[in-house]
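>>> From the sequence below, what's the structure:
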Amino acid sequence: MRKIAYFVTLVLLSSIELSAAGDMTIAHREIASGQIKWVSSSGDRSSTDALVDVGSLRQVGEVLEVVVRWPYLPAAYGPEPAEKNHIVCQAEKALSFDVEDGYLSPDGKYHVKKVHSPKSQREQAEQLASQFAKIGNGISSYGSDPRSMACWAAARKCAGQDFSWPPPPNTAPLVPATKPSASPGRQACRDR
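As a prediction, the model looks like this:
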């Protein structure tokens, strides 16, 4: 029975497009299209490599809602963990918090284990971000993590540009500038 479940899982996963980091480009119209489009956050298949569904991400008020899977954790952890995150893409960094914890069953279906209050989860995330800002002298930025990837995908969608991960290096000269009021992606969406 276990072999059959494994085979069914492989068949289901083979029908879903999966893109590894660094070797793909996704057209901006495919981002947030409602079609599942898994992208690997690092491409190294380690326990820190997450899969982010950039095809099904959606905007809920001022937050992005995105599903993140963790397929490369050891089998001892049980079924493949997955979570639904809300992400606020800010000018300097992404503020993220879980609104659901769940797992993927062998047949590829998402099952919810726990639902969190978005309001209380956001308050906790803002508190943590405030504490980290004090510890790090206010220095924080986007990185190569799954939440940064979701913000980059949304920014590319709003700018009408194709998405590639990791993003190209920022070659802009370092000059003093006024602090922007919104992230470039949110500003691009607002101007459209």
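>>> Give the residue spans of the chain that score low on pLDDT.
1-23, 134, 136-140, 170, 172, 174-192 (pLDDT under 70).
>>> can you pull out the helices in it?
Assigned by DSSP state H, the chain shows helices spanning 2-14, 118-135, 146-159, 184-191.
>>> Show me what counts as buried in stretch 91-100.
Under the neighbour-count criterion of 16 or more other CB atoms under 10 Å, stretch 91-100 has 93, 94, 95, 96, 97, 98, 99, 100 buried. To be clear about C-beta, it is placed using only N, CA and C from the backbone, and glycine gets the same treatment.
>>> In strands only, show me those residues.
94, 95, 96, 97, 98, 99, 100 (DSSP state E).
>>> ok, so of those residues, who is nearest residue 135?
Nearest to residue 135 out of these is residue 95 (CB to CB; 16.1 Å).
>>> Could you find the closest non-adjacent residue to the closest one?
residue 88 (4.3 Å; CB to CB, 6 or more residues apart in numbering).
>>> list the contacts for the one you found?
62, 63, 64, 94, 95, 96, 122 (CB atoms under 8 Å, 6 or more residues apart in numbering).
>>> ok, back up a step: can you lay out the ones in strands among the buried residues of stretch 91-100 as CSV showing distance to residue 128?
Output for those, formatted as CSV (distance: CB to CB, whole Å):
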residue, distance to residue 128
94, 13
95, 9
96, 10
97, 9
98, 13
99, 16
100, 19
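>>> hmm, back to that, of all the contacts of residue 88, which comes closest to residue 152?
Using CB to CB, residue 94 comes nearest to residue 152 of those, at 9.4 Å.
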